[in-house]
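S.K.: pasting a predicted model and its sequence here:
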Amino acid sequence: MSDAGAPPKDYKDTLHLPRTDFPIKGNLAKLEPRMLGWWAERGIWARLLEKNAGAEPFVLPDGPPYANGHLHAGHALNKVLKDIVVKYRNLAGWRCDFIPGWDTHGLPIEQAVEKRLKDKKIDKRTLSREAFLEHCRAYAQEFIDIQKAEFQRLGVFGSWEAPYRTLDFAYEAQELRELATFARRGMLYRRKKPVYWCLHDQTALAEAEVEYEPHSSPSAYVAFRAGPEPAERFPVLKGREVCFVIWTTTPWTLPANLAIAVNADFEYVFYEAGGRVLCVARELLARVLAEVKADELVLKNARLPGGDVEAVVLDDPRRILAYASGEELEHLTYQHPLLERTGRVVLGAHVTLEAGTGLVHTAPAHGQEDYEVGLKYGLDIYNPVRGDGRYDETVGAALQGLRVFEANPIILELLAERGALLNSKTDTVEHTYPHCWRCRQPVILSATSQWFIPLDKPLAGGRSFRQQVLEAVDGVRWVPEWGHSRIRGMLEARPDWCISRQRSWGVPIPIAYCEGCGEALVSAEVMERVAAAVEQEGTGVWYRTPVKEFLGADTRCASCGQGEFRRETDILDVWFDSACMFSAVLERRQRLPADLFLEGSDQHRGWFHSSMLVAVGTRDMSPYRACLTHGFVVDGQGEKMSKSKGNVIAPEKIIQQYGAEVLRLWVAASDYRNDVRLSDQILQGLSQGYAKIRNTLRYALGNLHDFEPARDAVPAAELLPLDAWARGRLAEVVARVRRAYEDYEFHLVYATVVDFCAADLSAVYFDILKDTLYTAKAAGRARRSAQTVLHEVASALPRLLAPVMSFTAEEAWQQLPGRTVESVFLAGLPQPHGAMEPALAERYAKLFAVRSAVQGVLEVARREKLIGSSLEARVVLTASGEARDFLQAHQGELPALFIVSQVELTEQPGPRAQPLSVAQALGEGSAVTAEVLPARGAKCPRCWVYSEEVAQGREVCPKCREALS
RNA sequence: CGGGGCAUGGUCCAAUGGUAGGACACUCGUCUGAUACGCGAGCGGUCCUGGUUCGAUUCCAGGUGCCCCGACCA
């Protein structure tokens, strides 16, 4: 309106504004599937391996996820971390194949299949073992396919067409060969061990199959008559009947009692009551006496021949005849109340003062800790209970043949008759008790024969297996370092490895038993023979082939000479399955040892642990050189994710809402050594970070639309100073990012790149560059110099980011002018070329310090409505000392750096001059002021910089005139 | 209950035995030629208690919270 004359010419099409097909928004939900298809069509993964065919291999095996259910965030975390390693190693020039795998045997699938059969109204018992296993196999394969698709959707590269599965015949066969090696080395033995046993279903149950439910059990306080030792040690007890008092809720286990456990650190008292002396923990004396009820005690005592009849005064200190520590009680003996047997007192740290008497009835066949204490003291794992839940003949005529739960009242009655029961035989206690998950009946702990790998047996060379394993562990690089002490602690304390399971879905244990005497025939040769058959036909061959065919027709039992055998039907622990991965997959298809195992921290007791045991046990070596652990996924508050809390975030949802790329970014940005938080807020923040990086790439690409590196690139030595600075920064970023990958510090990759994009490029370099890029002569030196560096940025960033932001990196790469390879993954990692000259770095550190201070002053002027755009401003500086010389030397560069129209350097500060706090950057004693005034002249319609010539009537400013010429 | 680990603004991460930094978010301002963008300014922090030290966010001890593994429930 103000210009009455000719309409202002539109100079917009004389500018070199950014132009690109790289959209500002990722639209990842659409881009990602398209990119996956693009990679697949062009066989990028295969070509990557091919490209590095001759290179040194880097072996990163896949710890197999269990083939059940859809992926959760933990799966995603683990697999993306592996993918980052795989892609980085390949880009950096190693040959790093990734062979995905699945763990397929075991209880959860068995249970899921049983449930399915039930839903289809098929009775499992009508199926043959082989038919049932076929269902399990199909189920596992179904979830392998599901999970495979889900992993691939995350952009994980790997040999997906050739994964390994623990159900592969070759895998199962190799596993049996490892077992054969243990057998050959004499590292396989059989021993009884308590397991959960369902009397109704007559089957062993896994921990996961028992459910604790409220239950009413008998409560019995039982007196065990001590041998002569207490009286020898404590004269005051001489001539008295001394009893150890125990409490039990399972009287039926009393026939299997072999010991009484006490805690070495507790104090025990010998308390006179009703004519005899009861030994209990001092702290529990009052409670015990209250429980056993004085009246009952008196009545029963009355029946004892020669016993005194007297009232019991509860907890009367005068009746405490002696004190003893638990330690002093060790090795004392007692008479079993029901059987002709002498037991002994043992020490156990599991004895507590929470309930009972401080003395624990110990039946090694019927309790986990009883068992462990039994092993320590060399007790027999004596189990008088048969599989059908009835006592065998060793318990005496009164009990033989009884079912254990029915035996409870009878045993109580027998105890009462003998005066050994101190409380009422009808007393009960309410507590939780394990029940069978399927039939809902209470279960028992009962010792059955199991197969073990011994940890402490001395091996060739005199050292124990455990020692060998610990030495191997010491030779591994643990990342983070605490993984070392973690797994060491576990290995030092762990019991022998129980490798047998009473299940169906798994690898059989090819061992035969003599039909005559029950002796086991353990033979490495037989196992090898079975392995060969399994390799061809699968594990079903073990069940359908007569055992003799594997043993040889003339085989006789070494112990009794009989010739008839039956097969073992137990299967191997699934941890043994996956532990053999190093052999079945690495040794055959890659290399042993692996360079790196990478799993969640729970695998210190899982795969890290079991793989180490099998590899040391069969190869005397660690299966991995380094072992990296990540934490667990928790919610935004750091709390565990669980369905009941409703704080679970499924990967699928993240992919839909944000894209797999943001999920990958989450993995990369988090410090995985800690627990990793996942929340909507976190994902939104990452989306922002993603947008920042994306927009940085877009700016660079957009300003390269007319740039051909071969034709237009400016030699490094001829770059303008600011461009040389930016190139130097890029080199630093490349170096730091490469180091971060090398050190497995991926969160520094993301942080470094985002910082670079936001702080160095977007806020400074790109902002300053706009004027040159848009308005300078297209092929002039200034613009080409800038473009040269932008091209380096647009070339380096996608390659640095490809391991993490695979989709976007590839998308950006496709837009890069002059690229010589088709895919970013074939382009290799950028080198840190053009390291920053220290003088250049120092110079720009100073200039940017001044720039930042000036921006503060501009902001004040903007608030006072003196200016809007910074180009409306003229900045007048005064400076003293070194600063003055420095600013004078760079005066020509300052308007561009400040993005203002003019910068003047004067002697006297103006009335509105503000001091700048730049002394730290420019040197002590440097006093600089800045004053913002309106720019001189008028706005150039082309470049928007104010110019006096335009005010004087020229159409455009001199710079534009030059650019347009 | 035992073993292992972690703790820095609202969020994700840096740094250091000597003034704790960046990004994102938030608030305000600005541009409209990176525009569902860009630029500037502001707000905001070392879990708690002791100890070592001239000085501790950093080293040590204890506590609290959270995570992983295991045990317990006779």
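M.R.: Done, it's in. Everything quoted here is computed from the prediction, not taken from an experiment.
S.K.: surely residue A:665 touches residue A:690?
M.R.: Yes: the pair residue A:665 and residue A:690 passes the contact test of C-beta atoms under 8 Å, sitting 5.8 Å apart. Glycine gets a C-beta too; all of them are placed from N, C-alpha and C.
S.K.: give the next helix or strand downstream of the helix or strand bottoming out on mean pLDDT in chain A.
M.R.: Using mean pLDDT, DSSP states H and E, helix A:294-303 stands out as the lowest-scoring helix or strand of chain A, at a mean of 44. Following helix A:294-303 in sequence order, the next helix or strand is strand A:320-325 (DSSP states H and E).
S.K.: which strands or helices does that following strand pack on?
M.R.: When contacts are defined as 3 or more C-beta pairs under 8 Å, 6 or more residues apart in numbering; DSSP states H and E, strand A:320-325 packs onto strand A:267-273.
S.K.: so which other helices or strands are in contact with the strand it packs on?
M.R.: strand A:276-281, helix A:285-292, strand A:320-325, helix A:326-329.
S.K.: in the shortest one, what's buried?
M.R.: Okay, so that is helix A:326-329. A:326, A:328, A:329 (16 or more other C-beta atoms under 10 Å).
S.K.: which non-adjacent residue is nearest the closest residue to RNA strand B within chain A?
M.R.: In chain A, the residue that lies nearest RNA strand B is residue A:868 (2.5 Å; C-beta to the nearest atom of the strand). Nearest residue to residue A:868 in three dimensions, chain neighbours excluded: residue A:862, at 6.8 Å (C-beta to C-beta, 6 or more residues apart in numbering).
S.K.: SS state for that neighbour?
M.R.: Here residue A:862 is recorded as helix under DSSP: H, G, I helix; E, B strand; the rest coil.
S.K.: near it, how many other residues are there?
M.R.: Applying other C-beta atoms under 10 Å, we find 17 residues neighbouring residue A:862.
S.K.: give me the distance between it and residue A:489.
M.R.: Per C-beta to C-beta, to the nearest Å, residue A:862 is found 62 Å from residue A:489.
S.K.: residue A:799 is in contact with residue A:753, correct?
M.R.: No: Residue A:753 is beyond contact range of residue A:799, at 11.5 Å (criterion: C-beta under 8 Å).
S.K.: who has more neighbours out of the two?
M.R.: residue A:753 (24 against 21).
S.K.: surely that one forms part of a helix?
M.R.: Yes: checked against three-state DSSP, residue A:753 lies within a helix.
S.K.: and residue A:923, what does it touch?
M.R.: Neighbouring residues of residue A:923 by C-beta atoms under 8 Å, 6 or more residues apart in numbering: A:881, A:882, A:883.
S.K.: repeat that for residue A:99.
M.R.: Residue A:99 touches A:61, A:62, A:158, A:159, A:162, A:163, A:164, A:585, A:589, A:590, counting by C-beta under 8 Å, 6+ apart.
S.K.: try it again with 7 Å
M.R.: Under the criterion of C-beta atoms under 7 Å, 6 or more residues apart in numbering, the neighbours of residue A:99 are A:62, A:158, A:159, A:162, A:163, A:164, A:585, A:589.
S.K.: spatially nearest residue to the fifth one (excluding sequence neighbours)?
M.R.: When the adjacent residues along the chain are set aside, residue A:163 lies closest to residue A:100, with 4.5 Å between them (C-beta to C-beta, 6+ apart).
S.K.: for RNA strand B, what are the nearby residues on the stretch 851-965 of chain A?
M.R.: A:852, A:855-856, A:858-859, A:862-863, A:868-869, A:920, A:941-944 (C-beta under 7 Å from any atom of the strand).
S.K.: tell me which two in these are the farthest apart.
M.R.: A:920 and A:941 (41.2 Å; C-beta to C-beta).
S.K.: least confident of the residues of the stretch 851-965 of chain A next to RNA strand B?
M.R.: Taking these together, the minimum pLDDT is found at residue A:920 (75).
S.K.: for that residue, helix, strand, or coil?
M.R.: helix.
S.K.: which residue is the nearest non-sequential neighbour of it?
M.R.: residue A:849 is the one closest to residue A:920 (C-beta to C-beta, 6+ apart), at 7.7 Å.
S.K.: was I right about that neighbour contacting residue A:917?
M.R.: No: look at residue A:849 against residue A:917 with C-beta atoms under 7 Å: they stay out of range, at 9.2 Å.
S.K.: more neighbours, these two?
M.R.: More crowded of residue A:849 and residue A:917, by other C-beta under 10 Å: residue A:849, with 18 against 12.
S.K.: roughly how far apart are that one and residue A:925?
M.R.: In terms of C-beta to C-beta, residue A:849 sits 15 Å off from residue A:925.
S.K.: count of residues packed around the closest residue to residue A:673 other than its chain neighbours?
M.R.: In space, and not counting its chain neighbours, residue A:673 is closest to residue A:480: 5.0 Å by C-beta to C-beta, 6+ apart. For residue A:480, the count of nearby residues is 16 (other C-beta under 10 Å).
S.K.: same question for residue A:675.
M.R.: 17.
S.K.: quick one, what contacts it?
M.R.: Residue A:675 neighbours (C-beta under 7 Å, 6+ apart): A:631, A:632, A:634, A:638.
S.K.: between the residues you listed, which sits nearest residue A:669?
M.R.: Of all the contacts of residue A:675, the one with the least separation from residue A:669 (C-beta to C-beta) is residue A:631, at 14.1 Å.
S.K.: show me which residues of the stretch 551-700 of chain A sit near RNA strand B.
M.R.: A:601-602, A:604-605, A:631-632, A:634, A:636, A:638-640, A:669-671, A:673-677, A:681-682, A:684-685, A:688-689, A:691-692, A:695-696, A:698-699.
S.K.: now those: which count as buried?
M.R.: Among those, those classed as buried by 16+ other C-beta under 10 Å are A:601, A:604, A:631-632, A:634, A:669-670, A:673, A:675-677, A:682, A:689, A:692, A:695-696, A:698-699.
S.K.: which of the residues you listed fall in strands?
M.R.: Mapping those onto strands (DSSP state E) picks out A:634, A:676, A:677.
S.K.: need the residues you listed in JSON lines (columns: pLDDT and distance to residue A:555).
M.R.: Listed next are these as JSON lines, based on pLDDT from 0 to 100; distance: C-beta to C-beta, whole Å:
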{"residue": "A:634", "pLDDT": "89", "distance to residue A:555": "57"}
{"residue": "A:676", "pLDDT": "92", "distance to residue A:555": "56"}
{"residue": "A:677", "pLDDT": "92", "distance to residue A:555": "61"}
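S.K.: and residue A:416, which helix or strand is it part of?
M.R.: In this structure, residue A:416 sits in helix A:404-417 according to DSSP H and E.
S.K.: hmm, that helix in reach of RNA strand B?
M.R.: No: residues of helix A:404-417 contacting RNA strand B under C-beta under 7 Å from any atom of the strand: none, with a closest distance of 11.4 Å.
S.K.: chain center to that helix, what's the gap?
M.R.: Centroid separation for helix A:404-417 versus its chain: 50 Å, with C-alpha atoms, centre = their mean, to the nearest Å.
S.K.: buried set for it?
M.R.: Quick answer for helix A:404-417 (16+ other C-beta under 10 Å): A:404, A:405, A:407, A:408, A:411, A:412, A:414, A:415, A:416.
S.K.: also stretch A:760-769?
M.R.: So, applying 16+ other C-beta under 10 Å, buried residues of stretch A:760-769: A:760, A:761, A:762, A:764, A:765, A:766, A:768, A:769.
S.K.: what about RNA strand B: which of those residues touch it?
M.R.: Taking C-beta under 7 Å from any atom of the strand as the test, RNA strand B is in contact with A:761, A:762, A:764, A:766 out of the buried residues of stretch A:760-769.
S.K.: what pLDDT does the closest residue to the last one other than its chain neighbours get?
M.R.: Think residue A:766. Nearest non-adjacent residue to residue A:766, counting by C-beta to C-beta, 6+ apart: residue A:699, 5.5 Å away. pLDDT, residue A:699: 96.
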